[in-house]
Structures are given as structure tokens and as C-alpha cells.
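Enquirer: only geometry, no sequence info:
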């Protein structure tokens, strides 16, 4: 009996943890890449710490809020909403107290989150426009960090564009590898966008060109191969780190 109890407890604990962690592993790179790029470009400062906490907790809060909207059963996610709301609110207020000017971004985020909520209500979270709204939210963090540190926005525009080009391309590429696999239209869209992204990246800085050539190659070659989602994730993690390194060196 004691063995059964000791075995059941870890399983129960794991289930409790899973209730508070969304199965969206690819989202973390999207969340952290713009933050790291922004911090390195503008230089470290103490408000960036609560901003990171508010950013991550806010993502978790929004995830479960959209799940509540999708399911029409908000009580089912009450624990998660309460927990992440209690974490997000004081951290966000700390950032706002440190730099009230960041409040100017609130209307933009409100519009983008409304797009997400609309797709959640229609249960179409995998729609391309919904994904692009999420990408825009992440990339805007580069500007938020600049504002937080009093750095002119013009100084971080190239980095913002480079990160945006990469993340939009990643959304299209991953769709051709998993949910839209075999869809010739999506494949053409993905490859076409990566060609444009390569040209735009080279215009921003020629040092970006090699990594965007690599991104174009993976968008054109890998959809013909049968790769598991785990392998797709590993490859994309490597690509994300390459983009991070090159953006920081070039821009």
C-alpha cells in the first residue's frame, strides 16, 4: 500500500503542475528572443526584471484566458487565471511605476489580444492571422524595452525588423512541417516569404544574409522530409539561437 501511495503522489503532483503549464513549447522561443535582443541592445536595468516576470506570467494568464473563452467554461480555469493574475498585476504595475511611458503600448496590445480572443471564441487558434498577432505582440517587446530604458525607438528598429522577419517565417515554415504539411499553397507562401525576408535582412545588414539563406534552405528542403514535431523543435531552437547571435553582432 505504501508503494502505491508513493507512486500516486508524484503522478498527482505532475498533473497539478501540468494544469498550470500550457503544452505550447514553441512559444517560449517567441517570448524570449525579442526580450533578450532588446535587453542586450538597450543595456540592462532593474525594471527589465519585473518586465520579464510580467511578460511570461502575462502570457500564461492570456493562454488560460483564451482557453476559458474557447471552452465557454471559465470556472474550469479559475485557478490558473487567479494564480497568474496575482503574479502579473504587481509586476506590471512595478514596470509602469518605473516608466509610465510604456502605457502607450497598451492600446496596441489590447487590439492584438482582441484578435487572439476572437479566434479563441471561434476555436480557430491555429489560424495564420492569429499566429501573426502573437508574433507582433512578442516583437513589440523590443520597443517596450527601448522605452523602458529611455532609448530612442529608431535605434532598435533594425533589430525589431530582423526578429519579426524570422518569427513570421518560422510560423509559416512550422505550418508546412506539421498542420499544413502537404499543402502546396502554404509551401509556396513560406518559401516566397523567406525569399523576401532574405532580401530585407541583407538590406538591413549583410551579416544577416547567411543565416537567412539557411532559413530559406530549411523552408524549402525540410517540408519534403518526414520529421517529428520534436525534431522540428530542435532544429528551430538551433535556428533561433543563430538568429539571436547574428542579430546581436550585426545590429
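Expert: Cool, got the structure. Note that the structure is predicted; figures quoted are calculated from it, not measured.

Enquirer: next one: stretch 56-68 to chain centre, how far?
Expert: Distance of stretch 56-68 from its chain centroid, counting by C-alpha atoms, centre = their mean, to the nearest Å, is 13 Å.

Enquirer: nope, stretch 69-83 is what I meant
Expert: Here stretch 69-83 shows a centroid-to-chain-centroid distance of 22 Å under the convention C-alpha atoms, centre = their mean.

Enquirer: got the contact list for that stretch?
Expert: Applying C-beta atoms under 8 Å, 6 or more residues apart in numbering, the external contacts of stretch 69-83 come out as 19-20, 60-61, 64-65, 67-68, 117, 120-121, 123, 125. Bear in mind the C-beta positions are built from the backbone N, C-alpha and C, glycine included.

Enquirer: just stretch 117-129 next, same as before
Expert: 65-67, 69-70, 115-116, 130, 171-172, 175, 179.

Enquirer: from one end of it to the other, what's the distance?
Expert: End-to-end distance of stretch 117-129: 12 Å, with C-alpha to C-alpha, to the nearest Å as the criterion.

Enquirer: can you give me the mean pLDDT across that stretch?
Expert: The pLDDT scores in stretch 117-129 average 94.

Enquirer: just stretch 78-87 next, same as before
Expert: On average, stretch 78-87 scores 95.

Enquirer: may I see the buried residues of it?
Expert: 80-81, 83-84, 87 (16 or more other C-beta atoms under 10 Å).

Enquirer: let's have the residues you listed in JSON lines, adding secondary structure and distance to residue 243.
Expert: What follows is the buried residues of stretch 78-87, written out as JSON lines (DSSP: H, G, I helix; E, B strand; the rest coil; distance: C-beta to C-beta, whole Å):
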{"residue": "80", "secondary structure": "helix", "distance to residue 243": "31"}
{"residue": "81", "secondary structure": "helix", "distance to residue 243": "33"}
{"residue": "83", "secondary structure": "helix", "distance to residue 243": "33"}
{"residue": "84", "secondary structure": "helix", "distance to residue 243": "29"}
{"residue": "87", "secondary structure": "helix", "distance to residue 243": "29"}
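
Enquirer: out of the residues you listed, which comes closest to residue 164?
Expert: Of all the buried residues of stretch 78-87, residue 84 has the smallest distance to residue 164: 26.5 Å, by C-beta to C-beta.

Enquirer: quick check, that closest one in contact with residue 60.
Expert: Yes. With contact defined as C-beta atoms under 8 Å, residue 84 counts as touching residue 60 (4.7 Å).

Enquirer: helices of the stretch 151-251 of the chain, start to end?
Expert: 157-177, 184-204, 209-221, 229-250 (DSSP state H, counting those that start in this stretch).

Enquirer: and residue 234, what's its pLDDT?
Expert: 88.

Enquirer: could you report the distance from it to residue 23?
Expert: Computed as C-beta to C-beta, to the nearest Å, the residue 234 to residue 23 distance reads 17 Å.
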